[in-house]
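>>> just the structure for this:
(4 chains)
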2 protein chains.
Amino acid sequence: MEIHQNLEDIKLCSSQFVLAVNDTMNVISGKWKLPIIGTLMFGKKRFKDMEREIPKINPRMLSKELKDLEANGIVSRTVHNTTPVKIEYELTKSGKTLNKVLDSMVEWGLHHRQIVLADD
Amino acid sequence: MEIHQNLEDIKLCSSQFVLAVNDTMNVISGKWKLPIIGTLMFGKKRFKDMEREIPKINPRMLSKELKDLEANGIVSRTVHNTTPVKIEYELTKSGKTLNKVLDSMVEWGLHHRQIVLADD
DNA sequence: GATTAAACTATACTTTTGTATAGTGCTTAA
DNA sequence: TTAAGCACTATACAAAAGTATAGTTTAATC
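Below you'll find the predicted structure:
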């Protein structure tokens, strides 16, 4: 009986892990999410700034992805009550902690490149 | 002059980082890559085993993704000279080290969930 | 008064990704 | 000898993701 309970615990735990990985994947997958998160790592930005800084992105995609990132709690959008209004996007706390994931990806990517080159 | 050289170094370095992240993303993105890598984390598997273990995957996708992962040096395919032939897939060294990336994703995902739930 | 800038939105389209379903060639077990 | 298992492949299709291009609204600038 106890063994079964533990098995259930393990299943529950590993399914939590799967959910967590999926959450992370959803946040960073797609062609433009990482470039956007990347520029915001250097600080607040306005829409037009990002359009200029991210090569080849178009406003439709930028708008769509920013909404997505906002809905997922990665980016916050602030409207400043000036005339004309100034709108700024920045990473949330959660958004900033994504750098740990990115770091592990940089590390793996560099390491993997070395191995692949060594094999040829 | 030296300052310029350093700036160039920084650009070169950060572009290496971007390439590394992209490599990692390419390896894990798509609907089926992580489920496949996930089952192989528990050891060698045959095609049919994986088809059974990964819910809802179809053989076309499994075949396609395995080829992709093999081409990227994440999975190796071994043909055993028995009759009938037995084919086994397993993670390469590089494939196994992906667990570090996955761990960071689990950690971020769990953490992010807590924050999102706390905000509601 | 015309032009420019910010912050987007709308429409139509192409490409990529994934699904559904059936079929092939080989081998062994009933 | 018929059926069933393995390791896939083939074809057609649907859905998701991304692109191209133009247009809107509000305000500031020349």
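>>> the bottom helix or strand of chain A by mean pLDDT?
helix A:2-28 (a mean of 88; mean pLDDT, DSSP states H and E).
>>> which other helices and strands contact the helix or strand harbouring A:R113?
When secondary structure is defined by DSSP states H and E, A:R113 falls within helix A:93-119. Judged by 3 or more CB pairs under 8 Å, 6 or more residues apart in numbering or on different chains; DSSP states H and E, helix A:93-119 is in contact with helix A:2-28, helix A:33-40, helix B:2-28, helix B:93-119. Yep, even glycine has a C-beta here, placed from its N, CA and C like the rest.
>>> pretty sure A:I36 sits against A:E65.
Yes. In this structure, A:I36 sits in contact with A:E65. The criterion is CB atoms under 8 Å, and the distance is 5.7 Å.
>>> more neighbours: those two, which one.
More neighbours surround A:I36 than the other of A:I36 and A:E65, with 25 against 21 (other CB atoms under 10 Å in any protein chain shown).
>>> contact partners for that one?
By CB atoms under 8 Å, 6 or more residues apart in numbering or on different chains, the residues touching A:I36 are A:M50, A:I54, A:L62, A:E65, A:L66, A:L69, A:V75.
>>> make TSV from these and add pLDDT to it.
Rendered in TSV, the data for these read as follows (pLDDT from 0 to 100):
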residue	pLDDT
A:M50	98
A:I54	97
A:L62	98
A:E65	98
A:L66	98
A:L69	98
A:V75	98
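>>> can you pull the contacts of the residue nearest the centre of chain A?
Central residue of chain A (CA atoms, centre = their mean): A:I28, 3.9 Å from the mean position. Each residue near A:I28 by CB under 8 Å, 6+ apart is listed here: A:L34, A:I37, A:L98, A:V101, B:M25.
>>> now A:T39
A:T39 touches A:K45, A:M50, A:E53, A:I54, counting by CB under 8 Å, 6+ apart.
>>> which of those count as buried?
A:K45, A:M50, A:I54 (16 or more other CB atoms under 10 Å in any protein chain shown).
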